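> Just the structure for this:
(one chain, ligands or ions: 2)
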Amino acid sequence: MKITNKDIPTATLHAEPVSNFIRNIINEDIRIGKWGGRVETRFPPEPNGYLHIGHAKSICLNFGLASEYQGVCHLRFDDTNPEKEGKEYVDSICDSVRWLGFEWGENLHYSSDYFDKLYQFSVYLINQGKAYVDSLSGEEIRTLRGTLTRAGTNSPYRGRSIDENLDLFRRMKAGEFSDGAHVLRAKIDMASPNMNLRDPIIYRIRRADHHRTGDEWCIYPMYDYTHCISDAIENITHSVCTLEFEDHRPLYDWILTQLKDKISCHPQQIEFARLNLTHTVMSKRILIELVEGGFVEGWDDPRLPTLAGLRRRGYTPFSIRLFSERIGVSKSDSWIGIDVLENCLREDLNVRAQRRIAVLNPLKLVIVNYPDHYEEECLVPNHPQKPEKGNRTLLLTKTIYIERDDFMEIPSKGYFRLAPGIEVRLRYAYIIKCEKVIKNANNEIEEIHCSYDPSSKSGTAGSKARRVKGNIHWLSSKYALKSEVRLFDHLFLDARPDISSRNYKRLLNMNSKKIISAYIEPFLDKAQPEESFQFERNGYFVADKKDMRPGRAVFNRTTTLKDSRGKFKV
Ligand code: ATP
Ligand code: MG
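Ligands and ions are numbered 1, 2, ... in the order given. The predicted structure is shown next:
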C-alpha cells in the first residue's frame, strides 16, 4: 500500500470547515462583493532552504482556502537574494507542495519575472518624489534610523533632485558602482513610530549571479518592496502571511498606494501565528546549519521537520493536512506538541496501513513438544478492522523468535507476558507455557523452552475454551528475514529548545537515531520504497525511500503505536 496524492480524501478535510478569522474575512468580502467573489491566494517561499512543517501550515492554509472558495493559489518563489538561493531549493519546494497534494496549474511565478517591472515602478516612485538614492554606508543608515524610542534623522542625501536620483539609479543598474556604494530608499517618514516606514531600502547593489536571470542584474529589490508588488501584479486578493509581518503591513499598503495609478489591484495582507512544534526547530538558518554541519544526514533525514524528512520518516500527506486543519489558525503565537502531529499520523496509518510482523529484539524460543521439521499454516489478518484486506499465512515451526521484552524471568507485578511456568498465546497460533530458561556463561538468557497445547490453535473450538492474558507475536526462525531497522527519537530533548543561544547544538539529542538488525516476516523484503505498515505491537514503519531495494530490506520506524515518545523501546 503505497500512499499517493490520489489517496488523499480532501473532502473529509473540508467537510465542515471550522470557522476562523481568515475565513470570516473572506466570507465578509464575498458578502459585500469586494473582489467580485474572487479568492486568489499565494504561497511565497524564498528558495533558500527546504520546506518544513511550518511551511506546510501556510501551504495548507493558502491552497486550502483557494480550493474551498473555488479560487486559485499561486506558487511564487520570492527570489530576490541570489547568493542564498538556488534551483535545488526550487525543485525540492515544488516537489513538497505537490507531495502534499496541491497543484498550482499555470500559476507558477517568480519574483524575478517582475525584475523589469519592479525597476520601472522604482523609476516612477523617484519621479513622484517618493524614492531617492542614498549614498550613506550601511552602518550610517542604521545609526540614523533611530530607535523605538528615538526618531530617526534624515539622510543628507534625502534632498537629492529627481534628476540626480534618476541618473544615479540608472547608473546603479548599469553597474557603475561597487556593491554598497548606493541604495534606493523609499521617502516616507524618518520620525515614524513604525521603524519599517523610516525610509526603507528598496534596492541594493549586489553583484551576484541569480539562478534564473544570471548576471543580467546587479541591483536587486528588497523583500518588502517586491512582495506587495508581486502580489498586486498577480491579482492576489488575500495575502496571508505570518505575524512577524504585521508591522510591515503599513509599508505594504504605502507602496501599493503610491503605485495605484500603475497597478490597480491592492491585496489585503492578513497575518496569522506561525507554527512552533515542540522538540524541533523551524528556523531555516538552523536547519541549514544542522544539514551542512553533518549533525543530521541531509535535508531528508527522518529526524528533521522538513517535509522531505517527514516523508522519509513515513509521514503521509493526509496526516500533515489533517494536522494543519486541526491546529487551526490564530493571531497569537503558541507551541504545538509534536504528539498532536504524531496522533494525526497514527489516525491515518491506523486506517491505511496493513499489519505485518517484525521482531525487533529477538529471543529464541523452542517449542519442545512441537514435531521436528513440522510446518503449520497460521492465518493472519492483514487488517483487523478491514476483513476485505484479506489474510495471509505465516508458518509456525519448532523454533521461533519472540521479543526479548515479552519474557521476564522474574515477572514484575502486572506483567502478563511470558515467564517461567506462565502461559501466553502466540498470536494466531497456540498457547505455550514456559518450561525452561537456557542461559549462557555470562548468565544471559539465550533461549526459552516452552511446551504448547495442540488443542488451543487460534480460530478453533479448543482455542475458545482457553483464556490466557498474554498474547505475543513471533516469527519462525526458519522463514524470518533480516532487516535493518532505524529507530528515531526527538532531535532536541527540550520541548522548546532555546536556539537563540550560540551553543544550541549542545541541546541536540545525541541518541536520536539507532540502527538495529531485526527479523521481519517473509515477503516484507519485497515491500516498495515508501510503503507503510504497522508492525504489530511495535509501531508504524515505512520501507526506506532511498535504501530499500531487492536483497536489502531497510525500514524506518515512523512512530510508535501509542504516545510513548519515539523511544527505543525494542
Ligand atoms: P526566512 O524568510 O527566514 O528565510 P521563512 O521560514 O519565513 O524563512 P519563507 O520561504 O519566507 O521562509 O516562507 C514562506 C512562507 O511560509 C511565508 O509566507 C511564511 O510566512 C510561511 N512560514 C514560514 N515559517 C512558518 C511557520 N513556522 N508557520 C507558518 N508559516 C510559516
Ligand atoms: Mg520569510
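> mind listing the strands in the stretch 351-500 of the chain by residue range?
Listed in chain order, the strands of the stretch 351-500 of the chain (DSSP state E, counting those that start in this stretch) span 354-356, 358-359, 362-367, 376-381, 391-396, 399-403, 423-426, 431-439, 445-453, 470-472, 475-476, 481-488.
> Distance to residue 333, mean pLDDT and mean neighbour count for the ones you listed - can I get that in JSON lines?
C-beta coordinates here come from the backbone N, C-alpha and C atoms, glycine included. Below are those laid out as JSON lines (distance: least, Cβ to Cβ, whole Å; pLDDT from 0 to 100; neighbours: other Cβ atoms under 10 Å):
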{"stretch": "strand 354-356", "distance to residue 333": "40", "mean pLDDT": "98", "mean neighbour count": "19"}
{"stretch": "strand 358-359", "distance to residue 333": "41", "mean pLDDT": "98", "mean neighbour count": "27"}
{"stretch": "strand 362-367", "distance to residue 333": "47", "mean pLDDT": "98", "mean neighbour count": "19"}
{"stretch": "strand 376-381", "distance to residue 333": "46", "mean pLDDT": "97", "mean neighbour count": "16"}
{"stretch": "strand 391-396", "distance to residue 333": "49", "mean pLDDT": "97", "mean neighbour count": "18"}
{"stretch": "strand 399-403", "distance to residue 333": "43", "mean pLDDT": "98", "mean neighbour count": "22"}
{"stretch": "strand 423-426", "distance to residue 333": "50", "mean pLDDT": "97", "mean neighbour count": "22"}
{"stretch": "strand 431-439", "distance to residue 333": "55", "mean pLDDT": "97", "mean neighbour count": "17"}
{"stretch": "strand 445-453", "distance to residue 333": "51", "mean pLDDT": "97", "mean neighbour count": "18"}
{"stretch": "strand 470-472", "distance to residue 333": "46", "mean pLDDT": "95", "mean neighbour count": "18"}
{"stretch": "strand 475-476", "distance to residue 333": "48", "mean pLDDT": "98", "mean neighbour count": "22"}
{"stretch": "strand 481-488", "distance to residue 333": "27", "mean pLDDT": "98", "mean neighbour count": "19"}
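> right, and these - which one's nearest ligand 1?
strand 481-488 (21.3 Å; Cβ to the nearest ligand atom).
> circling back to that earlier point, so for residue 146, which of the strands of the stretch 351-500 of the chain sits nearest?
Checking the strands of the stretch 351-500 of the chain against residue 146 by Cβ to Cβ gives strand 481-488 as the closest, at 48.3 Å.
> List the neighbouring strands of the following helix or strand past the closest one plus their orientation.
The helix or strand immediately downstream of strand 481-488 is strand 513-520, counting by DSSP states H and E. Paired with strand 513-520 in the same sheet, following DSSP bridges, are strand 358-359 (antiparallel), strand 481-488 (antiparallel).
> Between these, which one is closest to residue 297.
Closest to residue 297 of the strands paired with strand 513-520, according to Cβ to Cβ: strand 481-488, at 10.5 Å.
> ok so, going back, as a markdown table, the strands paired with strand 513-520 with distance to ligand 1 would be great.
Formatted as a markdown table, the strands paired with strand 513-520 follow (distance: least, Cβ to the nearest ligand atom, whole Å):
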| stretch | distance to ligand 1 |
| --- | --- |
| strand 358-359 | 35 |
| strand 481-488 | 21 |
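> Residue 244 is nearest to which of those strands?
For residue 244, the closest of the strands paired with strand 513-520 is strand 481-488, at 30.5 Å, according to Cβ to Cβ.
> tell me which parts of this structure are close to ligand 1?
Taking Cβ under 6 Å from any ligand atom as the criterion, the chain approaches ligand 1 at residues 44-46, 48, 54-55, 57-58, 241-242, 274-275, 282, 284.
> Sitting in helices, which of those residues do you find?
54, 55, 57, 58, 284 (DSSP state H).
> out of the residues you listed, who's nearest ligand 1?
Closest approach between those and ligand 1, by Cβ to the nearest ligand atom: residue 54, at 2.3 Å.
> What about that closest one, how many residues nearby?
Using other Cβ atoms under 10 Å, the number of residues around residue 54 comes to 19.
> my guess is it meets residue 281, correct?
No - the criterion here is Cβ atoms under 8 Å, and residue 54 misses it with residue 281 at 9.9 Å.
> what sits in contact with each of the two?
Shared contacts of residue 54 and residue 281 (Cβ atoms under 8 Å, 6 or more residues apart in numbering): residue 305.
> Excluding sequence neighbours, find me the nearest residue to residue 324.
With sequence-adjacent residues excluded and distances taken as Cβ to Cβ, 6 or more residues apart in numbering, residue 324 is closest to residue 60, at 3.6 Å.
> brain fart, residue 539
Nearest non-adjacent residue to residue 539, counting by Cβ to Cβ, 6+ apart: residue 560, 4.3 Å away.
> Kindly tell me how buried the one you found is, as a neighbour count.
Neighbour tally, residue 560, other Cβ under 10 Å: 17.
> start the count at 58, not 1, going forward
Got it, the first residue is 58 from now on, which makes the last one we talked about residue 617.
> Tell me the confidence at it?
We note a pLDDT of 95 for residue 617 in this prediction.
> tell me the phi and psi of it?
Main-chain dihedrals, residue 617, degrees, to the nearest 10: phi -80, psi 170.
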